[in-house]
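Student: quick one, structure for this:
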Amino acid sequence: MYYNFILLFILFLSYICFVKSVRINAIVFEHSETGIYSDLTRDFNDYSIKNGLNITLDLTLFTSKNSTVLTEKGDKLTIQSLLATKSKKYDIYLYDITYVYQYGEDLMDLKDYISPDILKLYYSEVFNNTCYDKGRLVGIPLKLSFSVLYSNENLLKTYNCTVPETWDDFLDTLKIIRKGERESNNNISGYNGLFGDTDSGTNTIYEMLYSYRKSVESSYPDMTSQEAANALEMLKKIYTELSSNDDFYEGDGYIVGKYFSGNELFLKYWYITGEIRYKNQQSEYSNFSKKVRSYIFEYLFGDKSVSEVLTKVNDLTKIYTISLNTEDSSYGLITFIVLITLSVLVVITFLLINMERFKPFFTFLPNSYWHFILLGILCHISSSYTDYDEVLSYKYHIKIFLYCIGFTFIFVPLLFKLIVNFPEKNDKSKWISEHKYLFILIFLLIDVVLNLINIGSTYNIKTKIPGNGKMYNEYKITGTFSKFMIILFVAIKSLIILTILFLIFIEWNIEETLYDLRFSVSAIYIDLISIIMMITMEYIKLNNYLTYKLIGQIFFIIFNLSNYIFFICIRLIFSFFKEKESESKYINKHKITCNNNINNNSSITRTTRSSISNQSSPTKSYSKLISYHYRTCITDSNIKNCSSSNCTVTNNNLTGTLS
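Tutor: Numbers count the residues shown, from 1 in each chain. All right, here's what the predicted structure looks like:
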């Protein structure tokens, strides 16, 4: 019993000492060992022991001395690989803020684990802009780095100069001291701005730009602004007049040697721990930083113009959009004027088709259906307004909705007429003829319901980079549900078009609607070609985003113009050619046409029916379709009042109706 008690006591102590203690593994990559991370680790462990936390922090520190993976991108790729593989080896990652957007998705949201009171201690603009990724807290600041300008006080005192406060003062001071030192045969270096081909060089460039902002309260000047141009021009003036290539271009190691030699008038270097980096919204910061330096150096050390390189740097971060602002391009304004013109034209047409003069030429459909078609065209035109300014997911939902109801308003009236005019008596055609508003309402309800369901779909924004480097955003359909909804929309609309084309084939030779059907099929064919071309544009890589947008917009305008011209405008044009022909003559002309064809049509029908009765089922169906196709007038139908003007045959007596 005694030995059992001792054994249990030993196990209990072991549990307290070993099981209850927590060991946390941290990892950090550092270009040069400063000792700060080791000191922080040691201080924490001492604090843990003194306060009985039973927590031990183990730090794995990689530097250029003990690691072969630390290259220009080595630290990023190594940490990213650990996070991507869900490695459990390390609990805490110490990383540079420039990789927040790269690592963010794989890191925990610390808001659930840190009390609000502690977060208030960190609250600042820098904290909010650098530690959050898509609203998730993915890091806590460990150290703040910034750079300073070191001045050689001995030289300044010798020449009775003060520390410069402006770049013009800086340039004048450099000229005075260098001239005096050269006269004394002392070859001193003028200025090293930490312009090495590393991220430090990129930071120096942005610091120079920031120093030329309009006021202390202003943010970074726009890359294409005069302030940015002035900053680079001053930088090049300092380089060409007062610095050698080595002084200006070399990085950290060179500067440290100059600092201790005292043979440098001005040095830009870290104050204890470094500098505040420019916050870049791009996830691939290293690549971005390298390009910024490359472009700026083309001006500083090459023959590129300042405006040219600033435009190239601006293109690295700027997302181009379609806008009424003509600063980047007049495309947006011109397109907007075209769209407004088309919209106004459609609105005016609403009024024209109600005029008595034009009514005889709009008898193919009920009068209200012509308004539906115009409304559909207006919906399609309006969908283009969603392309302006920032690309947002909700705009794509609006665009899809306008596409859907626009399609319904344009093509369902045609489907209605074709069903009503079906060459053979049937109850469906009769019911639809008597419920023309309910018929189109059913299709509209389907569109509304499907679009309400589609609100749950997610459309991501994808940034595309064409050959000229001017980035733009476009919608990207992601997720099974989103893709299914798009396929469903396309399938329903395609089924409507196929049904229309099938019925047009059946009614192709009916004299009453001869020209109407040819106009309609012309519009459909042009629409299909335009849609195919717009889809093809998605897979063609162009060097200019404006060219891409322009070509797509051209086909979209052709799509809408073809519907307007073949459904509406061509009838208005005919009205001017038929100006002297009265409405009654116009109607009687169509009656006579049908009367002249009815006997032949009846004969063809009787002959066809006789031959069909002796054929097999598949052949019989084919022959029946062909018989419908060659009919020149609507026969065997009791459907009335299905349109403004119908030529209806009942018991071989032609009746013309006008509603």
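
Student: in a strand, that's where Asn460 is, yeah?
Tutor: Yes: counting by DSSP: H, G, I helix; E, B strand; the rest coil, Asn460 is part of a strand.

Student: domains in the chain, by residue range?
Tutor: 17-137, 146-317, 331-581 (automatic domain parsing).

Student: SS state for Tyr403?
Tutor: Per three-state DSSP, Tyr403 ends up helix.

Student: and the nearest residue to it once chain neighbours are set aside, what element?
Tutor: Counting by Cβ to Cβ, 6 or more residues apart in numbering, Ser383 is the residue found nearest to Tyr403 once chain neighbours are left out, at 5.9 Å. Quick note: C-beta positions are derived from backbone N, CA and C, even for glycine. If you go by DSSP states H and E, Ser383 is part of helix 367-383.

Student: hmm, who's touching that helix?
Tutor: By Cβ atoms under 8 Å, 6 or more residues apart in numbering, the surrounding residues in contact with helix 367-383 are 339, 342-343, 346-347, 349-350, 353-354, 359, 362, 365, 398-399, 402-403, 405-413, 416-417, 436-437, 440, 559-560, 563-564, 567-568, 644.

Student: mind listing what's buried in it?
Tutor: By neighbour count with 16 or more other Cβ atoms under 10 Å, helix 367-383 contains the buried residues 369-381, 383.

Student: coming back round to it: dump the domains of the chain to CSV, plus distance to Arg631 and mean pLDDT.
Tutor: Shown next, in CSV, are these (distance: least, Cβ to Cβ, whole Å; pLDDT from 0 to 100):
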stretch, distance to Arg631, mean pLDDT
domain 17-137, 64, 78
domain 146-317, 63, 76
domain 331-581, 5, 89
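
Student: what number of residues lie near Ile535?
Tutor: Using other Cβ atoms under 10 Å, Ile535 has 11 neighbouring residues.

Student: just the helices in the stretch 401-550 of the chain please.
Tutor: Here the stretch 401-550 of the chain has its helices, by DSSP state H, counting those that start in this stretch, at 427-434, 436-454, 480-506, 514-537, 545-564.

Student: for the fourth one, buried residues please.
Tutor: Spelled out, that is helix 514-537. Buried residues in helix 514-537 (16+ other Cβ under 10 Å): 516-517, 519-521, 523-524, 526-527, 530-531, 533-534, 537.

Student: ok so, going back, as TSV, the helices of the stretch 401-550 of the chain with distance to Thr41 would be great.
Tutor: As requested, those are exported to TSV (distance: least, Cβ to Cβ, whole Å):
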stretch	distance to Thr41
helix 427-434	80
helix 436-454	53
helix 480-506	47
helix 514-537	56
helix 545-564	49
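
Student: which of those helices sits most buried?
Tutor: Using mean count of other Cβ atoms under 10 Å, the stretch among the helices of the stretch 401-550 of the chain with the largest mean neighbour count is helix 545-564, at a mean of 19.

Student: elements contacting it?
Tutor: helix 331-352, helix 367-383, helix 514-537 (3 or more Cβ pairs under 8 Å, 6 or more residues apart in numbering; DSSP states H and E).

Student: list the contacts of that helix.
Tutor: 320, 322, 329, 331, 335, 338, 342, 345-346, 349, 373, 376-377, 380-381, 384, 387, 410, 464, 466, 468, 470-472, 522-523, 526-527, 530-531, 533-534, 537, 540, 542.

Student: mind checking what helix or strand follows that helix in sequence?
Tutor: Downstream of helix 545-564, the first helix or strand assigned by DSSP H and E is helix 570-577.

Student: picking that back up, for Asn45, find the nearest of the helices of the stretch 401-550 of the chain.
Tutor: helix 480-506 (49.4 Å; Cβ to Cβ).

Student: any idea of the angle that closest one forms with helix 514-537?
Tutor: Interaxial angle, helix 480-506 versus helix 514-537 (axes from the mean of the first three to the mean of the last three Cα atoms, to 10 degrees): 150 degrees.

Student: begin at 51 from now on, thanks
Tutor: Understood, numbering begins at 51; the last thing we discussed is helix 530-556.

Student: off-centre distance for helix 530-556?
Tutor: Mean C-alpha position of helix 530-556 versus that of the full chain (Cα atoms, centre = their mean, to the nearest Å) differs by 26 Å.

Student: tell me what that helix is packed against?
Tutor: Judged by 3+ Cβ pairs under 8 Å, 6+ apart, the packing partners of helix 530-556 are helix 443-470, helix 486-504, helix 564-587, helix 667-680.

Student: dump the ones you listed into a markdown table; add distance to Phe351 as well.
Tutor: As requested, the helices and strands packed on helix 530-556 are exported to a markdown table (distance: least, Cβ to Cβ, whole Å):
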| stretch | distance to Phe351 |
| --- | --- |
| helix 443-470 | 44 |
| helix 486-504 | 54 |
| helix 564-587 | 40 |
| helix 667-680 | 76 |
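
Student: so which of those helices comes closest to Lys193?
Tutor: Each of those has some distance to Lys193 by Cβ to Cβ; the shortest is helix 443-470, at 37.5 Å.

Student: buried subset of the contacts of helix 417-433 as a PyMOL selection?
Tutor: Buried residues among those (16+ other Cβ under 10 Å), as a PyMOL selection:
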select buried, resi 389+392+393+396+399+403+409+412+415+449+452+453+455+456+457+458+459+460+461+462+463+466+467+486+490+609+610+613+614+617+618+694
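
Student: how about the strands in the stretch 201-350 of the chain?
Tutor: 239-242, 314-324 (DSSP state E, counting those that start in this stretch).

Student: then the stretch 51-200 of the chain?
Tutor: Along the stretch 51-200 of the chain, counting by DSSP E, counting those that start in this stretch, strands occupy 72-79, 105-112, 142-144, 182-183, 186-187, 196-201.

Student: name the residues that touch the fourth one?
Tutor: In this structure, residues lying in contact with strand 182-183 by Cβ under 8 Å, 6+ apart are 150-151, 154-155, 157, 188.

Student: give me the buried subset of these.
Tutor: 150-151, 154, 157, 188.

Student: tell me which two of those sit farthest apart.
Tutor: Tyr151 and Leu157 (11.1 Å).

Student: Ser88: neighbour count?
Tutor: Neighbours of Ser88 under the rule other Cβ under 10 Å: 13.

Student: distance of it relative to Leu111?
Tutor: Plainly put, Ser88 is 7 Å away from Leu111 if you go by Cβ to Cβ, to the nearest Å.

Student: now do Phe245
Tutor: 29 Å.

Student: that older thread, please flag which of the contacts of strand 182-183 sit within helices.
Tutor: Counting by DSSP state H, the contacts of strand 182-183 place 150-151 in helices.

Student: in a markdown table: the domains of the chain, plus distance to Lys670.
Tutor: Shown next, in a markdown table, are these (distance: least, Cβ to Cβ, whole Å):
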| stretch | distance to Lys670 |
| --- | --- |
| domain 67-187 | 63 |
| domain 196-367 | 65 |
| domain 381-631 | 14 |
